[in-house]
Every structure is written in structure tokens, then in C-alpha cells.
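1. Sequence and predicted structure are below.
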Amino acid sequence: MTEQSASPAPVKERSSQAARRAQARRVQLPPAISVHALADHLEVSPIEVIKQLMRGGIMANINQVIDFDTAASVCQSFGIHAVREAEQKTKLPTSGVAVEEDASKLILRPPVVTILGHVDHGKTSLLDAIRKTNVVATEAGGITQRIGAYQAEYNDHRITFLDTPGHEAFTAMRARGARVTDIAVLVVAANDGVMPQTVEAMNHAKAAGVPIVVAINKIDVPGADVERVQRQLSEHGLLIEAWGGDIIAVPVSAKSGEGIKELLESILVVAEVAELKANPERPAVGTVIETRLDKSRGPLATVLVQTGTLRVGDSVVVGVVRGRVKAMLTETGRRLKAATPSTPAELLGLTALPQAGDRLEVIADERAARQTVEERARQAETTRARGTSLEDVYARLTAGEVKELALILKADVQGSVEAVVNALQHLATEKLQTKVIHAASGTITESDVLLAVASQAIIIGFNTGIEPGARRLADSEGVDIRVYDVIYRLTEDVHAALTGLIEPTYQEVVEGRAEVRAVFSLGRKGTVAGCYVTEGHFTRSSQVRVLRGGKAVFDGAVASLRRFKDDVREVATGYECGLGLEGFSDVQEGDILEAHRTQQVGKPS
């Protein structure tokens with residue numbers, strides 16, 4: 001490992017450079033602007049602006065007026081970030097809390113950081129290294145307890161870290177409408193490089209729209225290669241500063257502590273650029289990070305205050321749960337009388353357990369709290385009922401709600417992933433673009449469904465299966481999952497959605513699952529599988545798929561269904577049965593059988 005790859009650019013110099021570049025990239029624009037005026041704002045020739053518009057499929061002359069979104073895309077091509085004039089006065093940047101604020105009362109708040117990455121790449125070790133040397137000092141004798149969030153201090157600046165289990169929890173909260181993270185730290189091991197879960201975490205952070213700081217960990221272990229990691233990051237769209245990009249990458253060692261201070265400094269640089277502000281004088285608004293039930297103290301919720309100040313004695317509504325703040329505790333067990341913006345605290349006094357991602361608000365009285373709870377329950381039901389499907393994409397397009405079709409792609413092998421992504425990229429129309437926010441090989445998981453909920457995306461599977469938990473979650477959240485075995489059918493459906501020609505479609509419904517526990521030979525008549533039904537039911541008319549090692553090896557009709565020596569029409573959960581399949585005798589012990597049928601989307605079951 002070379003000295004150049006192991007040590008980042010001087011932190012202070014990089015800080016000033018990042019700040020200057022950030023200021024240079026920000027421009028304030030009205031809701032509509034002429035091409036000539038936009039060129040003046042960007043300090044470029046109008047011809048250059050017209051060229052960028054043409055590249056985006058828009059033919060415009062020098063006096064033509066374009067909307068803000070179009071102008072913003074042009075600004076982005078010149079490396080400049082556009083901000084709406086009206087929004088800058090009333091919205092909190094990257095706060096995730098949709099509340100009006102008095103600009104005169106806004107003050108800088110600590111950044112909220114989530115650490116993501118591949119398993120065994122050192123996320124926990126890195127958090128422990130930061131916690132060991134930088135946890136905010138508390139009273140002696142405090143009882144240490146893990147509450148899922150804590151604050152570190154560096155150079156008189158505080159940083160709030162969310163100690164979440166991984167990007168699934170990160171996205172699960174975002175799927176519930178909670179935007180709590182300001183910065184995502186992506187941990188990549190220098191000896192392993194970018195792994196599949198690294199890419200997944202990267203895509204989750206990109207979909208959330210939060211800045212990314214890369215921590216290249218384990219630089220002191222054999223086989224560490226920082227430059228290889230930097231190259232792999234660039235291949236996945238993260239171009240680091242040393243290579244001309246805007247992503248800060250810091251080599252660190254969680255074991256020795258090398259680079260930890262530089263990482264904290266880099267986080268503060270990104271936070272300074274983002275200008276994170278909140279109003280501590282208003283009633284508190286926050287988000288639940290995690291919950292647990294204590295035998296002696298009752299329901300406990302770790303809450304991150306995002307704006308305002310939460311005080312002991314406040315009446316609160318958290319999701320669809322009411323309560324009064326009886327006490328607040330830090331990670332070390334120290335009692336808090338008040339929690340200011342970006343402060344995490346464990347809250348006592350709720351009547352029941354809320355869910356992670358639920359919004360907390362301070363409410364004036366009991367009547368207002370009851371009305372708020374009822375309204376939130378109605379909103380949650382509406383959100384679940386809406387979902388996202390190919391059928392409603394065109395309707396939302398014509399209503400002006402969306403301008404791109406977000407897709408999550410899972411396929412059997414990496415070669416198939418690349419082929420399908422290339423095919424999808426050629427389907428864009430003038431009105432609607434396709435955007436693959438995550439693509440990987442493997443089965444469709446609950447993590448994919450959560451990302452789809454959070455991003456309003458459709459899940460496309462190619463020659464792959466769906467995990468049972470993912471199917472149940474997709475059904476409850478209204479996420480459209482489509483699995484194909486022929487690529488032209490996949491592209492036909494997506495093209496039809498993009499052009500508004502989508503016809504009524506059908507989805508698969510799994511009626512039952514069974515485990516093969518024995519196989520009985522019937523000679524020339526084939527074999528019968530001795531099964532135990534674990535979910536749902538099997539009938540004589542079922543279509544059955546045989547899964548071996550997570551892959552389908554057969555899909556066909558039921559030839560026979562018996563309980564002991566009797567032919568039966570149906571076998572339900574918890575019962576054993578003998579099941580024969582038409583045209584298939586290679587069933588093996590350990591195989592999983594799925595009974596399924598196809599029904600039209602939107603039709604009753």
C-alpha cells in the first residue's frame with residue numbers, strides 16, 4: 001500500500017475546497033425562467049444551455065421559458081445545484097420534517113449520521129472506536145445502555161450517530177416516511193473491496209438522496225488495497241475527490257484508531273456544506289429510531305429530535321400512540337430535562353409501543369392528541385392502499401406526479417442483470433424515463449420490498465424467486481412484483497407502461513407451502529412426495545412449483561393428493577399428505593413445494 005493511497009489530502013485544505021465548490025454549485029432559481037436568464041445565472045453562453053436541453057430531448061430557443069425541474073437538470077450538467085427561491089425561505093434543508101419555520105430562529109444543528117456497508121467490513125468496530133474516544137462526557141456512575149443512537153464530539157462540534165442494524169433498518173424507516181439521516185458513511189474493507197451488500201447499501205443511500213462519505217476500513221490488514229477500492233467505487237458511480245469527483249474517501253483502521261479523526265472531520269465538512277439548521281424554540285418534532293418493552297418501565301422509545309425542543313412533561317403523539325414524557329435518558333443513563341435538535345433520547349411515558357420510523361409531535365392537549373392519532377391512522381391506511389403498479393404509472397404520469405419509472409431488478413446471475421439493465425435503458429420515452437435504483441443477482445428479499453416502498457418503485461424479477469417474507473410484505477404494502485422468464489415479455493410490459501398501453505395484468509398468488517420429508521416409489525407409476533404443509537393449503541386443482549436450493553426445478557399440476565390411504569380434495573396447514581405431480585418423479589427430501597395460482601390484478605381473490 002503506497003503512502004499516497006493511505007493518507008488523504010490535508011483535512012483543512014479539503015474542507016475549504018469543498019466549501020468553495022459547494023458555494024459555487026448553488027444557484028437560486030424561480031419556478032420558471034427563460035433560457036437566456038438561466039445562462040446568465042450559470043455564467044455560460046445561451047448556446048451551451050440550449051445544447052444541454054437538446055441532449056435531454058427538449059428543443060428550446062433563447063427566449064423560451066422552462067420550468068424549475070428542467071432548469072435544475074441543466075444546472076446539474078454544469079456541476080451546479082439549483083434551489084427554489086420559495087423553498088429556501090421556508091424549508092429546512094435535509095431535515096426530513098415537513099414543517100414551516102421562522103428563518104430568523106434557525107440555528108445550526110449537529111449532523112445525523114448512519115453507518116452502512118457489507119457484513120464483517122467493520123461497521124460495529126468503527127462505531128465502537130468512535131464511541132470509545134469521542135462519546136460526549138456524562139456524569140460519573142452512569143449506567144451504560146445501548147439505545148440505538150448516541151452523540152460524539154470532535155473539535156467542539158457534536159455528531160449524532162444512528163447505530164442501526166444495517167441498510168434494511170435504514171430503508172425501513174425511510175419507507176415509513178421518516179427522513180432522519182443527513183449523511184451516510186459507507187464502510188468498505190480495504191482487503192475485501194466492494195461486495196454485493198456494499199453495492200446494496202450504496203444504492204439504498206443514493207435512493208435516500210443523502211450525501212455519502214466512504215470509510216475505507218482495515219487498511220492495516222494483509223491484502224489491503226485502497227486504490228482497488230477506489231477503482232471499484234468509481235465503477236459503481238462513486239467518484240472520489242482524488243479522482244476528480246465529489247465523494248470524500250477516508251482510509252481508516254477501526255482497530256488502531258488511524259484515520260478516525262480525519263473521518264469525523266470529513267463528516268463535519270459535509271455537514272457544513274449542507275447547512276443543517278433547525279428551530280429549537282418551537283414544539284418538538286422527531287422520529288422514533290427503535291422501541292422496546294421493559295418489564296419494569298413499560299414501553300420505551302429511542303427518539304431523535306429533529307426540530308424544536310422536547311421537554312419532560314410534554315404531551316406527545318408518536319405514530320398512532322399517545323403519551324406524556326415522564327423521563328428522558330441518554331445512552332449512558334443520564335437523565336435529560338430537554339432534548340434539542342439532533343439529540344437522541346430514550347423516552348418513557350408512552351401508552352404503547354410505536355414503530356420505528358413513526359413521527360413524534362408535541363401536542364397541546366388530549367383532544368388534539370386524539371384527533372392527530374385518528375388522522376395518522378387514516379393516512380397510513382391510504383398509503384398502504386395506494387402502492388405502486390405498472391398499471392397506475394401512466395395515470396400518475398399524465399397527472400404530472402412522476403417523470404420516471406423507478407425499478408428494482410433481481411435476476412438469477414450477474415450476466416442476466418447486465419443484459420436486462422441494458423434492455424431497460426433503451427425503453428425511455430420523451431415523457432417518462434426508466435431509473436434502475438438497484439440491480440443485483442439473487443432472490444427477491446424483504447430488503448428489496450422496503451426499498452421499493454421507500455422509493456415508490458416496481459420490483460422486476462428475471463429467472464429468480466421471491467422469498468416468502470418478501471411476498472407477504474409486498475402484499476401488505478401494495479408493492480408490485482413481476483417475475484419473468486423471457487426477457488422480451490419483461491421489456492414489453494415496461495414499454496407498455498411507459499407509453500400508456502399497459503393492459504390488465506395478472507399476478508401470482510401463493511396458496512400454500514409444504515416441505516418434502518420423505519419420497520415413496522410407486523414403480524412405473526413414478527413417485528409420491530410425503531409432505532408437511534407449513535403454510536396455506538394444497539388442493540387437487542393446485543399448480544405446484546418444486547423449489548430446490550431456492551431455484552425452481554419443476555412447475556406443473558397435481559396428479560394425486562392423499563391423507564393416509566384416502567384421496568382428499570384439500571390439505572391445510574399443519575397436516576401431512578402424499579402428493580404426486582404430473583410428469584415429474586425426481587422429487588427429493590428437503591424440496592419445498594409451492595401451491596400457486598394466477599389472478600388478475602385488482603380482481604377479487
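-> Yep, it's here.
2. For my notes, confirm R370 occurs in a helix.
-> Yes: per DSSP: H, G, I helix; E, B strand; the rest coil, R370 lies within a helix segment.
3. can you pull the pLDDT of it?
-> In the predicted model, R370 carries a pLDDT score of 75.
4. just V316 next, same as before
-> With respect to pLDDT, V316 scores 90.
5. who's in contact with it?
-> 284, 310, 322-325, 347, 350, 360-363, 369 (C-beta atoms under 8 Å, 6 or more residues apart in numbering). The C-beta positions use only the backbone N, C-alpha and C, and glycine is treated the same way.
6. what about the strands in the stretch 201-350 of the chain?
-> Ranges of strands in the stretch 201-350 of the chain, per DSSP state E, counting those that start in this stretch, are 212-217, 248-251, 277-278, 285-294, 298-307, 310-311, 315-318, 321-329, 335-336, 338-339, 344-350.
7. Turn the contacts of V316 into JSON lines, columns for distance to S77.
-> Output for the contacts of V316, formatted as JSON lines (distance: C-beta to C-beta, whole Å):
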{"residue": "A284", "distance to S77": "40"}
{"residue": "L310", "distance to S77": "43"}
{"residue": "R322", "distance to S77": "49"}
{"residue": "G323", "distance to S77": "49"}
{"residue": "R324", "distance to S77": "52"}
{"residue": "V325", "distance to S77": "49"}
{"residue": "L347", "distance to S77": "46"}
{"residue": "L350", "distance to S77": "49"}
{"residue": "L360", "distance to S77": "40"}
{"residue": "E361", "distance to S77": "40"}
{"residue": "V362", "distance to S77": "43"}
{"residue": "I363", "distance to S77": "46"}
{"residue": "A369", "distance to S77": "48"}
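8. If you rank the residues you listed by neighbours, which is first?
-> Highest neighbour count within the contacts of V316: L347, with 30 neighbours (other C-beta atoms under 10 Å).
9. Could you verify my assumption that that residue touches L300?
-> Yes: if you go by C-beta atoms under 8 Å, L347 and L300 touch, sitting 7.0 Å apart.
10. Show me the shaky parts of this structure.
-> 1-25, 63, 85-102, 133-148, 164-179, 376-403, 429-432, 499-506, 600-605 (pLDDT under 70).
11. ok, the longest strand anywhere in it: who's next to it in the sheet?
-> Using DSSP state E to define each element, the chain has its longest strand at strand 506-521. Sheet pairing for strand 506-521, assigned by DSSP bridges, gives strand 527-539 (antiparallel), strand 592-600 (antiparallel).
12. Buried residues of it, list them for me.
-> Across strand 506-521, burial judged by 16 or more other C-beta atoms under 10 Å covers 507-508, 510-514, 516.
13. Of the residues you listed, which is the nearest to T445?
-> Of all these, T445 sits closest to V510, with 15.8 Å by C-beta to C-beta.
14. so what's the closest one up against?
-> Per C-beta under 8 Å, 6+ apart, neighbours of V510: 468, 471, 536, 594-596.
15. rerun that using 6 Å as the cut-off
-> 594, 596 (C-beta atoms under 6 Å, 6 or more residues apart in numbering).
16. Return the distance of it relative to C531.
-> In this structure, V510 and C531 are 15 Å apart, going by C-beta to C-beta, to the nearest Å.
17. And for D591?
-> D591 is 9 Å from C531, where distance means C-beta to C-beta.
18. what is in contact with these two at once?
-> Shared contacts of D591 and C531, defined by C-beta under 6 Å, 6+ apart, are found at V516.
19. So for these two, which sits in the more crowded spot?
-> C531 (25 against 20).
20. Dig out what the more buried one forms beta bridges with.
-> According to DSSP bridges, the partner residues bridging C531 are V516, C577.
21. My read is that it contacts G574, right?
-> No: the pair C531 / G574 is not scored as a contact, 11.9 Å apart, by C-beta atoms under 6 Å.
22. Using CSV, write down the CA coordinates of the helix or strand S560 falls within.
-> Element membership for S560, per DSSP states H and E: strand 551-563. Provided in CSV are the C-alpha atoms of strand 551-563 (Å, rounded to 0.1, in the frame of the first residue of the first chain):
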residue,chain,number,x,y,z
LYS,A,551,-34.5,-22.4,-7.5
ALA,A,552,-37.5,-23.8,-9.3
VAL,A,553,-36.9,-27.3,-10.9
PHE,A,554,-40.5,-28.1,-11.9
ASP,A,555,-43.8,-26.4,-12.2
GLY,A,556,-46.9,-28.5,-13.0
ALA,A,557,-50.2,-29.9,-12.0
VAL,A,558,-51.1,-32.2,-9.1
ALA,A,559,-51.6,-35.8,-10.1
SER,A,560,-52.7,-37.1,-6.7
LEU,A,561,-53.4,-35.8,-3.2
ARG,A,562,-53.9,-38.2,-0.3
ARG,A,563,-54.2,-38.3,3.5
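23. in its sheet, what does it sit against?
-> The strands beside strand 551-563 in its sheet (DSSP bridges) come out as strand 543-548 (antiparallel), strand 566-567 (antiparallel), strand 576-581 (antiparallel).
24. returning to that earlier point: could the strands of the stretch 201-350 of the chain go into a markdown table alongside distance to G237?
-> Shown next, in a markdown table, are the strands of the stretch 201-350 of the chain (distance: least, C-beta to C-beta, whole Å):
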| stretch | distance to G237 |
| --- | --- |
| strand 212-217 | 10 |
| strand 248-251 | 14 |
| strand 277-278 | 29 |
| strand 285-294 | 28 |
| strand 298-307 | 29 |
| strand 310-311 | 38 |
| strand 315-318 | 37 |
| strand 321-329 | 40 |
| strand 335-336 | 41 |
| strand 338-339 | 37 |
| strand 344-350 | 31 |
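25. between the ones you listed, which one is nearest to V65?
-> Closest of the strands of the stretch 201-350 of the chain to V65 is strand 277-278, at 32.1 Å (criterion: C-beta to C-beta).
26. what's next to that closest one, contact-wise?
-> For strand 277-278, using C-beta under 6 Å, 6+ apart, the contacting residues are 106, 108-109, 307, 341.
27. repeat for stretch 529-546
-> 511-519, 552-555, 558, 561, 569-573, 575-579, 587, 591, 593-596.
28. so what's I459 bridging to?
-> I408, I481.
29. okay, now it: neighbour count?
-> Neighbour tally, I459, other C-beta under 10 Å: 23.
30. wait, isn't it in contact with I408?
-> Yes: with contacts defined as C-beta under 6 Å, I459 counts as touching I408 at a distance of 4.7 Å.
31. who touches both of these two?
-> 448, 452.
32. Buried residues of stretch 248-265, list them for me.
-> By 16+ other C-beta under 10 Å, the buried positions in stretch 248-265 come out as 248-254, 258-265.
33. for these, which one is nearest D493?
-> A249 (39.4 Å).
34. Can you name the residues that contact the closest one?
-> By C-beta under 6 Å, 6+ apart, A249 lies in contact with 214, 216, 240.
35. and if we set it to 7 Å?
-> 214, 216, 230, 240 (C-beta atoms under 7 Å, 6 or more residues apart in numbering).
36. Then I466?
-> 443-444, 481, 483.
37. Can you list which of these are found in strands?
-> Taking DSSP E, the ones among these that sit in strands are 481, 483.
38. Is it possible to get JSON lines of the contacts of I466 that adds neighbour count and distance to F68?
-> Listed next are the contacts of I466 as JSON lines, based on neighbours: other C-beta atoms under 10 Å; distance: C-beta to C-beta, whole Å:
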{"residue": "T443", "neighbour count": "15", "distance to F68": "41"}
{"residue": "I444", "neighbour count": "23", "distance to F68": "36"}
{"residue": "I481", "neighbour count": "22", "distance to F68": "34"}
{"residue": "V483", "neighbour count": "17", "distance to F68": "38"}
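39. sorry, back to before: compare the contacts of A249 and tell me which is most surrounded.
-> Neighbour tally across these (other C-beta under 10 Å): the maximum, 30 neighbours, falls on I216.
40. My guess is that residue contacts A254. True?
-> No: contact criterion C-beta atoms under 7 Å: I216 and A254 do not qualify, at 11.2 Å.
41. Brilliant, that's me finished.
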